[in-house]
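Peer 1: sharing a sequence plus its predicted fold:
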Amino acid sequence: MPSAQRQVYKSPAQSYVANSTLRFSGWVPPFGPNGLRNVIDRLEMVAAFSDVTLAGTACEGEDVWRVIERVVVAQQDGTERINLQGDELRVYDYLSMGADRVPEYADIAVAANQALTFSFPLPLEQRFARRPKDYSMPAELLKEVRFTCPKTDATGIGVAGGTVTIAAATFYVLAICHEEGSVEQKVNDSVYSVAFPSTSGVTLKVGGRLHGLAFFARAANGGASLVSTFTDVRIDRYLQEPLLRTPDLVQSYMMSHGAALNDPGTDGGGVHNDPFSQNRAVPVFWTDEDTSPFDGDLIDEALVRTSMTQSSMLAVVRAVLPESENIMRAIERKHGIHPSEWRAKTISKGRNRTNLAGSSFVPKSAPLKRRGLAR
């Protein structure tokens, strides 16, 4: 059952069509059962395979995430809050949610006509930030969730060498929400991936404030081992001196996000195969309990320099963007709010409240005047 203070909305299911893009929209009402504003903390993509066959080699539990060819969470203004492939989403979930909350799965055995169901979190709230729900999404702003189905042979799942055949499956999305008695303009952020053009580094297009960054290389078992191939990273404007993958980055990250529950011998089965502690991903930036949306430099792009021999690296990036003027005006029209009624919601000690109220990076609050119909 869901938490008592939350409401869960389930989209209609859609059938699997190889290589097609399924679109889920319009299933989350703007107001909750108490007539207050619905706000989405997390979405969950559920994949129910009623007939899948795996031959040759078993699929590791860490690679189950690759049934997602791509998933996009789009806002009404066109901002893509999440745009990731399955293995990229797995790395981001660990960075955003922590090792104790990310689901992992048992290996897919070599067998015919299997029925398997998986659920993949799409977090919007930021668990480790100062105010996690400042990053949630009001339901009225959700345009759609786009899910790209895997190929019939599901080559992503068969990354270890197995041959996968999907005969039938359905997909749906859960929206886990809470209600709020005021109108809040939340933080506008975006999570996406960038491929390294070479082993020497990559230029990241940020267009805001860099609040999350992790590197990994696509491979079986949740990614390639980086123990001997990735040494250090330096980022202009952020990291003036090279920081070592270990101990400078990984150990610091583990102290912030908690120790991982390492795999005792069998993949999946309820344990958490944290890619950061297992040296299959490198944490570079992350939020903690002191992080506010106005922290960090406002930049257009960041030049990342690395010392490594690992090719085909990917960067999973989370950027906090300026608020959308179109969204602000639409919220004001919908809820009858005058621009003067907005108040800065998140402030630090010693910071000027008046100045923050005009910042395009600070969540704001206004009175809720128009309630929905309570049940």
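Peer 2: Structure received.

Peer 1: show me what the closest residue to Glu180 other than its chain neighbours is bridged to.
Peer 2: Distance criterion Cβ to Cβ, 6 or more residues apart in numbering; nearest residue to Glu180, sequence neighbours excluded, is Arg37 at 4.9 Å. The way it works is simple: take the backbone N, C-alpha and C, and place the C-beta from them, glycine included. Using DSSP bridges, the beta-bridge partners of Arg37 come out as Phe31, Glu180.

Peer 1: just Thr203 next, same as before
Peer 2: In beta-bridge terms (that is, DSSP bridges), Thr203 pairs with Leu303.

Peer 1: check what pLDDT the nearest residue to Tyr16 once chain neighbours are set aside gets.
Peer 2: Nearest residue to Tyr16 in three dimensions, chain neighbours excluded: Ala169, at 3.8 Å (Cβ to Cβ, 6+ apart). What the model reports for Ala169 is a pLDDT of 94.

Peer 1: picking up where we left off before, ok, the residue nearest to Glu180 - how many residues close by?
Peer 2: Neighbourhood size, Arg37 [other Cβ atoms under 10 Å]: 24.

Peer 1: just to revisit the earlier point, neighbours of the residue nearest to Tyr16, how many?
Peer 2: 23.

Peer 1: got the buried residues for the helix or strand harbouring it?
Peer 2: Assessed by DSSP states H and E, Ala169 sits inside strand 163-180. Within strand 163-180, the residues that qualify as buried are 164, 166, 169-180, counting by 16 or more other Cβ atoms under 10 Å.

Peer 1: the helix or strand following that strand packs against which elements?
Peer 2: With elements assigned by DSSP H and E, the helix or strand that comes after strand 163-180 is strand 182-185. Contact partners of strand 182-185 among helices and strands, from 3 or more Cβ pairs under 8 Å, 6 or more residues apart in numbering; DSSP states H and E: strand 37-55, helix 325-335, strand 364-367.

Peer 1: Tyr253: which of the ones you listed is closest?
Peer 2: Tyr253 lies closest to strand 37-55 among those, at 21.7 Å (Cβ to Cβ).

Peer 1: and that closest one with helix 325-335, angle?
Peer 2: On the basis of axes from the mean of the first three to the mean of the last three Cα atoms, to 10 degrees, strand 37-55 is oriented at 120 degrees to helix 325-335.

Peer 1: show me what strand 37-55 is packed against.
Peer 2: Using 3+ Cβ pairs under 8 Å, 6+ apart: strand 37-55 touches strand 111-123, strand 137-138, strand 142-148, strand 163-180, strand 182-185.

Peer 1: tell me which residues in that strand are buried?
Peer 2: Per 16+ other Cβ under 10 Å, strand 37-55 contains these buried residues: 37-50, 52-54.

Peer 1: same question, stretch 228-245
Peer 2: Neighbour-count burial for stretch 228-245, counted by 16+ other Cβ under 10 Å, picks out Thr229, Phe230, Asp232, Val233, Arg234, Ile235, Tyr238, Leu239, Leu243, Arg245.
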